[in-house]
Structures are given as structure tokens and as C-alpha cells.
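Q: My questions concern the predicted model and sequence given below.
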Amino acid sequence: MLADQGLPSTSIGNNMLVTRAAYHDSGGYENMVFSTSEDLQLFRHVTARGWGFRNLCSPGVLGVSEPQPTLQSLLQQRKRWMKGTAALPWYLTGLFGMYAGFYTVLFWPGLLPLGTVALLYGGKILLQTLFLTSTLRQVGRRENLAVLLLYEFYLCAMSLAVLAYTIWPGYVQWKQRRYTWAEA
């Protein structure tokens, strides 16, 4: 959606394609400062050099990633990704801030009447489910409605777990190596 509005936004690196010409023109990984979120950094370098971008959503380009084998490895992956968010453009930072603000306002005790909370939360789940259904159809996939509705609870639980794991002191692990937060 953001890319359709001309705002650069990227996906996970294993689902990202960069042409050879754009890669070489940007200097490639060889000329970038080390980062454990190198795919995001490459995308920024490529778009900064004026190369176009598109987010494709069709069965012919669908890339399905293998899930992380354990909860700990999933949290380690997300902590590494969180390191990359420090350099996101204003509109993505703003979207993440609105996401956090929505839940803060919605569930702040006594701030809103329970009927309003239920209406807003139900509306969010409805819109989110419609968006997921539409996107899945664009790539030739379908999902059980119960799974789509449960996604909200997964999203909330994972968001809190990732936030806690990210601020918890510890290393960032990537490609069987460990880095401090500053090194990553």
C-alpha cells in the first residue's frame, strides 16, 4: 500500500529482488557499513540512487519462508529486525507509533467506555481480517476465518514479547554469530 503511494517500503530480504544494475550502482553489500539488517540497508541505498521499487502481490512471485524452529530463534530474529527499525523513514516509524498508541489508548483503564473499546477493537479486527483475506487472495491463498481472527491475539502477544526481548539486555544473533546492540 505504501509503495503504491510512492513511499519506499521493503519486505524481508529473502522476498526482495534487486536488479544487478541497481545492486552495482548502489555499491552493493561490499560498500556498506556492516549491519545485521543488511537487506533493509541495501534497499535504502538502491532507492537513494534513484532506482524504482514495487511491491508485487501475485501467485507468481510469492515467496514462502520457513518458520523459525523455536520461539527463542523467532525472538532473536525479531530483535535483529528491531535493530534495523532505528533507521526507518518517518512514515513507517509513524505507523508503528500509531499501532502502539492505538493499544495504549484503547486499553488504558477507564479512559474510554467499555462499549467504545469493544466497538473500536472489533472494527480493527474486522478491517484487519478483510485486509488479510484480500491480500491472501491476491497471492492465490486462502486461510480459515478462525485463523485470521486469531491473528490479532498472535500479533498482540508477539509485539509485547518482541518488545520485551529487544529491551532485555543481551546480544543480537545473526548467522551463528553474536553481536552487541551497538555492533549489530
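A: Right, received. Where do you want to start? Predicted model only: the values in this text are computed from it and were never measured.
Q: which stretches of the chain have low pLDDT?
A: 11 (pLDDT under 70).
Q: How is it partitioned into domains?
A: 1-55, 68-184 (automatic domain parsing).
Q: what ranges do the strands span in this protein?
A: Ranges of strands in the chain, per DSSP state E, are 172-174, 177-179.
Q: Return the most buried member of these.
A: Of all those, strand 172-174 has the most neighbours on average by mean count of other Cβ atoms under 10 Å, namely a mean of 19. Quick note: C-beta positions are derived from backbone N, CA and C, even for glycine.
Q: Can you tell me which of the strands of the chain is nearest to Asn15?
A: Closest approach to Asn15 among the strands of the chain is made by strand 172-174 (17.7 Å; Cβ to Cβ).
Q: neighbouring contacts of the closest one?
A: The contact list for strand 172-174, computed with Cβ atoms under 8 Å, 6 or more residues apart in numbering, reads 36, 76, 79-80, 83, 178-181, 183-184.
Q: Pick out whichever of the residues you listed sits closest to Leu106.
A: Minimum distance to Leu106 across the contacts of strand 172-174 is 25.9 Å, recorded for Lys79 (Cβ to Cβ).
Q: right, and the closest one touches Tyr165 too?
A: Yes - counting by Cβ atoms under 8 Å, Lys79 does reach Tyr165; the two are 5.6 Å apart.
Q: In terms of packing, which of the two has more residues around it?
A: Applying other Cβ atoms under 10 Å to Lys79 and Tyr165 shows that Lys79 carries more neighbours, namely 23 against 18.
Q: Spatially nearest residue to that one, not counting backbone neighbours?
A: Using Cβ to Cβ, 6 or more residues apart in numbering and skipping residues adjacent in sequence, the residue nearest Lys79 is Thr166, 4.9 Å away.
Q: now Pro67
A: Here the nearest residue to Pro67 in space, its sequence neighbours aside, is Leu74; by Cβ to Cβ, 6+ apart that works out to 7.8 Å.
Q: State the distance from Leu112 to Leu160.
A: 20 Å (Cβ to Cβ, to the nearest Å).
Q: Looking at the two, which has the bigger crowd around it?
A: Leu112 (15 against 11).
Q: Return the residues in contact with the more buried one.
A: 105-106, 120.
Q: now Glu152
A: Contacts of Glu152 (Cβ under 8 Å, 6+ apart): 124-125, 128.
Q: what's the single longest helix in this structure?
A: For the chain, the helix reaching the highest residue count under DSSP state H is reported as helix 114-138.
Q: Can you list the helices and strands that that one packs against?
A: In this structure, helix 114-138 makes packing contacts with helix 90-107, helix 145-167, judged by 3 or more Cβ pairs under 8 Å, 6 or more residues apart in numbering; DSSP states H and E.
Q: Apply 6 Å and report the result again.
A: Contact partners of helix 114-138 among helices and strands, from 3 or more Cβ pairs under 6 Å, 6 or more residues apart in numbering; DSSP states H and E: helix 145-167.
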